[in-house]
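Colleague: pasting the sequence and the predicted model now:
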Amino acid sequence: MEVKARAPGKIILSGEHAVVHGSTAVASSINLYTYVTLRFPTPADNDDTLKLQLNDMALEFSWPIARIKEALSELGIPNPSTPASCSIEAMKSIAALVEEQNIPEAKNFLASGVSAFLWLYASIQGFKPATVVVTSELPLGSGLGSSAAICVALSAAFLSFSDSVNIDLNHQGWLAFADEELDLLNRWAFEGEKIVHGRPSGIDNTVSTYGNMIQFKSGNLTRIRSNLPLKMLITNTKVGRNTKALVAGVSERSLRHPDAMNFVFNAVDSISKELSTIIQSPIGDDLSVTQKEEKIEELMEMNQGLLQSMGVSHASIETVLRTTLKYKLASKLTGAGGGGCVLTLLPNCILLFCLCRIFSKFLIF
Ligand SMILES: Nc1ncnc2c1ncn2[C@@H]1O[C@H](COP(=O)(O)OP(=O)(O)O)[C@@H](O)[C@H]1O
Ligand SMILES: C[C@@](O)(CCOP(=O)(O)O)CC(=O)O
Ligand SMILES: [Mg+2]
C-alpha cells in the first residue's frame, strides 16, 4: 500500500514576524511543492524498521521499530483525531533518536525536520514499520515555507491512512481532503512546525494546507481572492539562515523595547489590512490597476522598513533592494529574512514594456 501527498510553499506578501505577535499578515501559496510518499511493507518483506529517505539530500535514516517504541513509549495508542504537542520529555527522546543517525555536520540543519517527522509519524501512525520518501521543489531555509510544506505533506500522507479522514475530492488530478478535514490536517502540521520554528504563528502551515491566498491573524484564517493580476519576482539571496533563531531574535527585541515594538507591530497590522483590501477590491472600481500597484509598492517598502527595524534584514537583502530600486521596482524580504528570498513586484506596465521589446526584436529581424 502506498500513498503520495504534496503540499505547496508560500510567499508572505506582508506581515511576517509581526504575525507571531498578533498582527495581520497576507500570504499566498506558490506552485512549488514538497512531496511525501508513504509505503507500508508486506509481511513477506520482513522489514521491521521505520525508514526516512530524503531524496534531494541523498540521505536515508532508519530506526528499528522496537527502538522507537522504547524511546516514545509514553505515546501509547495513536490518536490521529486529536493533534498533540511534543512534550519536553518526548523532544529529548526524539533528539536522541535523531542523534543516533549521525547526520553529517554540514546537514545538521535537517535535524529539526527529521524530529518533526518522527513526532508526526509516531503520533498519527504509531509504531508501524514503513518507508517514507521526501522530495521537494522548494529551497530549504529560504523563506518559502519548506518547513511548513514538509509538515503538511507528512501529516496528509499519515492521516490519509487513518479512519478519521475522508479524502475524495478531485483536485488537479490529486485527491483532496474535504474542507472539514483540512482543519485537522492543519493542526497536526502546526505541531510539526512548532518543532522546527519554536514559536510559529501558524500562517505557513495554514496557507500550505488551504492553498490560494489567505489573511491571517492570531491563529484565525480568512481565505481571500485576489482581483489583481499580481506578478512577483522571487530572488533567492542563497544566504542561509534559521527561522527559529530569527523569530526568537524579534521576541527578544520586543522584550527589550516593548512600547516601540508594539508600534512597529501595529503599523504592520495596518499595512497588511490595507494590502488585503486593495488586492480584493473589485476590478473597475475607482482605482486603475496601475494606481493599485503603486499603493502596493508603497506598502511593500513600508513593510520592509519595519522588518529592518525588527532586525531581520541582511546585507544580501539590501543589495537586492538597491538593485531593483535602480529600475524603480519595490521589493521586500519574504519569510523570516536574515538572507533567504526577496519579493519584487513586477507591475503590469513592465510586463507590457518587456512584451514590446520582444515584439520589436521580432519586427527588426
Ligand atoms: N524536504 C525537507 N527535508 C528535510 N527537512 C526539511 C525539508 N524541508 C524543510 N525541512 C526542515 O525545515 C527547515 C527549514 O525551515 P525554516 O528554517 O523554517 O525555513 P523555510 O521554512 O523558509 O524553508 C530545514 O532546515 C529542515 O529542518
Ligand atoms: C517569520 C515568520 O512570520 C514566517 C517564517 O517563514 P519561513 O519559515 O522563513 O518560510 C514566522 C511565523 O509566522 O511562524
Ligand atoms: Mg519555515
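Modeller: Noted; the coordinates are in hand. Ligands and ions are numbered 1, 2, ... in the order given.
Colleague: who's in contact with A189?
Modeller: Shown in contact with A189 (CB atoms under 8 Å, 6 or more residues apart in numbering): A7, A148, C151, V152, L154, S155, N205, S208, T209. Bear in mind the C-beta positions are built from the backbone N, C-alpha and C, glycine included.
Colleague: in its sheet, which strands sit next to the one helix or strand the first one maps to, and in what direction?
Modeller: Secondary structure assignment for A7, by DSSP states H and E: strand 2-14. Using DSSP bridges, the strands paired with strand 2-14 are strand 25-39 (antiparallel).
Colleague: tell me who's in contact with T243.
Modeller: So T243 contacts G141, S147, V196, H197, G335, A336 (CB under 8 Å, 6+ apart).
Colleague: now, which of those sits nearest K92?
Modeller: Proximity of those to K92, judged by CB to CB, is greatest for V196, which lies at 16.9 Å.
Colleague: show me what from the stretch 151-300 of the chain comes close to ligand 3.
Modeller: By the criterion of CB under 5 Å from the ion, the positions of the stretch 151-300 of the chain lying close to ligand 3 are T243.
Colleague: for ligand 1, what is the nearest residue in the stretch 151-300 of the chain?
Modeller: Ligand 1 sits closest to T243 of the stretch 151-300 of the chain, with a gap of 3.3 Å, by CB to the nearest ligand atom.
Colleague: what's the spacing between that residue and ligand 2?
Modeller: 4 Å (CB to the nearest ligand atom, to the nearest Å).
Colleague: quick check: the most centrally placed residue in the chain vs ligand 2, distance?
Modeller: Geometric centre of the chain, nearest residue: G145, 2.4 Å, by CA atoms, centre = their mean. In this view, G145 and ligand 2 are 4 Å apart by CB to the nearest ligand atom.
Colleague: over to N236?
Modeller: Taken as CB to the nearest ligand atom, the span from N236 to ligand 2 is 12 Å.
Colleague: from the contacts of T243, which is closest to ligand 3?
Modeller: Ligand 3 lies nearest to S147 out of those, by CB to the ion, at 3.3 Å.
Colleague: from the contact counts, what lies against the helix or strand the closest one falls within?
Modeller: Taking DSSP H and E as the criterion, S147 maps to helix 146-159. Counting contacts by 3 or more CB pairs under 8 Å, 6 or more residues apart in numbering; DSSP states H and E, helix 146-159 packs against strand 2-14, strand 25-39, helix 111-125, strand 130-136, helix 179-197, helix 203-210.
Colleague: the same query, at a cut-off of 6 Å, please.
Modeller: Applying 3 or more CB pairs under 6 Å, 6 or more residues apart in numbering; DSSP states H and E, we find helix 146-159 packed against strand 2-14, strand 25-39, helix 111-125, helix 179-197, helix 203-210.
Colleague: give me the domain ranges for this protein.
Modeller: The chain resolves into domains spanning 2-223, 232-354 when parsed by automatic domain parsing.
Colleague: tell me which of those is the most buried.
Modeller: When neighbours are counted by mean count of other CB atoms under 10 Å, the highest per-stretch mean among these falls to domain 2-223, a mean of 19.
Colleague: can you put the domains of the chain in JSON lines and add mean pLDDT?
Modeller: Below are the domains of the chain laid out as JSON lines (pLDDT from 0 to 100):
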{"stretch": "domain 2-223", "mean pLDDT": "95"}
{"stretch": "domain 232-354", "mean pLDDT": "95"}
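Colleague: show me which residues of the stretch 1-150 of the chain are close to ligand 3?
Modeller: The stretch 1-150 of the chain comes close to ligand 3 at residues S147, as judged by CB under 5 Å from the ion.
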